[in-house]
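Novice: requesting a structural model of the entry that follows:
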Amino acid sequence: MTHTGDVEVYYDPYDLDIHGDPYPVFRRLREEAPLYYNDRYDFYAMSRFDDVERGLVDHTSFSSARGVILEMIKADMAFPHGVFICEDPPVHTAHRGVLSRVFTPKKMVALEPQIRAICAQVLDPLVGSGGFDFVADLGALVPMRVIGMLLGIPEQDQRAVQAHGRQRTRREPGQPGDFAENDLADPTFFGGYIDWRSSHPSEDLMTELLRTEFEDETGTIRRLTREEILTFVNVLASAGNETTNRLIAWTGKVLADHPGQRHELVNNRSLIPSAIEEVLRYEPPATQICRSLTRAIDCYEQTVPEGSVVMLLAGSANRDHRAFPPDGDVFDIHRTVGHHLSFGYGIHFCLGAALARLEGRIALDEVLDRFPAWHVDSANARLDSSAVRGWATLPVFTS
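Specialist: Next comes the predicted model:
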């Protein structure tokens, strides 16, 4: 807890009132306690854009190897080989290199016709209904079907894959999540799919992972082990579903709150890419990214000891007026964003960023074609409690 004069600023990532709207606290942290210590949960937090960006770039001091979520690090988890988001070089370099061949912007753009078809399939039946749920009817379905298509998961099994991934990020409201038993290489779920693809290759990501050869951290040219493939598929299935779901729902909420800017988008679709970037900046699904220090650092006349957990508050950094003048708390689809930190930064920049942006742009375009106006059914909208911030339900009335 940090004090500035007679004013106390407090940040608790599990506090439901703060979770509902963290931005007033983030604003105070940036101005009053840019290096903040929470003694209850034993972590430091950085909230200004330059500090968060520097922490994300400095992977030698701010390590990902112990995890990227506070509960993961505190659980002292042992990660299986292949959880590339929780690895440092040289292992991270080798594993990320395998996936970067697949998630190229060019390959993602080529998916546009399939993604538009998926959006049409889920949205067309809703026309004339008077409303729909941005989560249940759109945000939960489109990413699920896209990642299922990429991995080669049959459509009838995709909901089970989605539920499997969601289980890994859920928290009891107001409580830290339990990551102690979170086995990211669990063979019981995806093992059968991998075994089937081994003898029945196809044009999907799972087949590519089975076939690919790469140079590992020892300099050996080899194929991925079965455990590495299981881990990759688990991570991709979870990340591909969860965060893009949040992006689509936040797009619905933010544009409902800013109907004038939504009207501009209806009439000028060329603004959609900048609108999606602004939604990502303004309401990022992941408001925090954790690291552990490999050495002591000096910051704001304090020394943060080696081994400390540092919570890099991307959600706060994205609202910092120093990086987004004149006021980062204002939503503006005409803003020149430069770069935000919603996908991280540096060597751990999100591999799926191009796909998430594409899904967000297409989903918004297809919604505007069918529903040029909507407002939120606030009595039935509900925020979720998980490692990423977003809506559990977001029903809207259309007109």
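Novice: how about the residue most central in space within the chain, what does it touch?
Specialist: Nearest to the mean C-alpha position of the chain, by Cα atoms, centre = their mean, lies residue 243 at 4.0 Å. Neighbouring residues of residue 243 by Cβ atoms under 8 Å, 6 or more residues apart in numbering: 285-286, 352, 356, 388. All C-beta atoms are positioned from the backbone trio N, CA, C, and that covers glycine.
Novice: just these now: which is nearest residue 296?
Specialist: Distances from residue 296 to these, taken as Cβ to Cβ, are shortest for residue 286 (26.6 Å).
Novice: wait, that closest one touches residue 390, no?
Specialist: No: applying Cβ atoms under 8 Å, one finds residue 286 not in contact with residue 390, separated by 9.7 Å.
Novice: where does this structure dip in pLDDT?
Specialist: 1-7, 164-188, 386 (pLDDT under 70).
Novice: ok now the biggest helix by length in it, how far from the chain's centre?
Specialist: Using DSSP state H to define each element, the chain has its longest helix at helix 226-257. Its chain's C-alpha centre and that of helix 226-257 lie 6 Å apart, by Cα atoms, centre = their mean, to the nearest Å.
Novice: please pull up the helix or strand immediately following that helix.
Specialist: Using DSSP states H and E, the helix or strand that follows helix 226-257 in sequence is helix 259-267.
Novice: tell me the angle of whatever helix or strand residue 96 lives in relative to helix 226-257?
Specialist: Here residue 96, judged by DSSP H and E, is contained in helix 91-100. Put simply, helix 91-100 runs at 70 degrees to helix 226-257, going by axes from the mean of the first three to the mean of the last three Cα atoms, to 10 degrees.
Novice: settle this for me: residue 222 is touching residue 228, isn't it.
Specialist: No: taking Cβ under 8 Å as the definition, residue 222 is not a contact partner of residue 228, at 10.1 Å.
Novice: can you list contacts of stretch 348-356?
Specialist: Applying Cβ under 8 Å, 6+ apart, the contact partners of stretch 348-356 are 56, 59, 64, 85, 92, 96, 99-100, 103-105, 108-109, 111, 146, 236, 239-240, 243-244, 247, 343-344.
Novice: now the terminal residues of that stretch, how far apart.
Specialist: 16 Å (Cα to Cα, to the nearest Å).
Novice: may I see the buried residues of it?
Specialist: Neighbour-count burial for stretch 348-356, counted by 16 or more other Cβ atoms under 10 Å, picks out 348, 350-356.
Novice: got it, and stretch 190-198?
Specialist: Neighbour counts over stretch 190-198 (16+ other Cβ under 10 Å) mark 190, 193-194, 197 as buried.
Novice: also stretch 58-78?
Specialist: So, applying 16+ other Cβ under 10 Å, buried residues of stretch 58-78: 59, 61-75, 77.
Novice: same check, this time on stretch 112-125
Specialist: For stretch 112-125, burial by neighbour count (16+ other Cβ under 10 Å) applies to 115, 118-119, 122-123.
Novice: next step: these restricted to helices.
Specialist: Within the buried residues of stretch 112-125, residues falling in helices by DSSP H are 115, 118-119, 122-123.
Novice: columns distance to residue 362 on top of those, output as TSV?
Specialist: Output for those, formatted as TSV (distance: Cβ to Cβ, whole Å):
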residue	distance to residue 362
115	5
118	9
119	6
122	12
123	11
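Novice: count of neighbours near the nearest residue to residue 256 once chain neighbours are set aside?
Specialist: Excluding the flanking residues, the one nearest residue 256 by Cβ to Cβ, 6 or more residues apart in numbering is residue 376, at 4.8 Å. By other Cβ atoms under 10 Å, 18 other residues sit near residue 376.
Novice: partners of residue 376 in the sheet?
Specialist: With DSSP bridges as the criterion, residue 376 is bridged to residue 396.
Novice: hang on, isn't it packed against residue 253?
Specialist: Yes: with contact defined as Cβ under 8 Å, residue 376 reaches residue 253; the gap is 6.3 Å.
Novice: okay, and the common contacts of the two?
Specialist: By the contact definition Cβ under 8 Å, 6+ apart, residue 376 and residue 253 are jointly contacted by residue 394.
Novice: which residues in the stretch 101-250 of the chain form strands?
Specialist: Using DSSP state E, counting those that start in this stretch, the strands found in the stretch 101-250 of the chain span residues 131-133, 213-215, 221-223.
Novice: helices or strands next to the first one in the packing?
Specialist: Packing partners of strand 131-133 (3 or more Cβ pairs under 8 Å, 6 or more residues apart in numbering; DSSP states H and E): strand 395-398.
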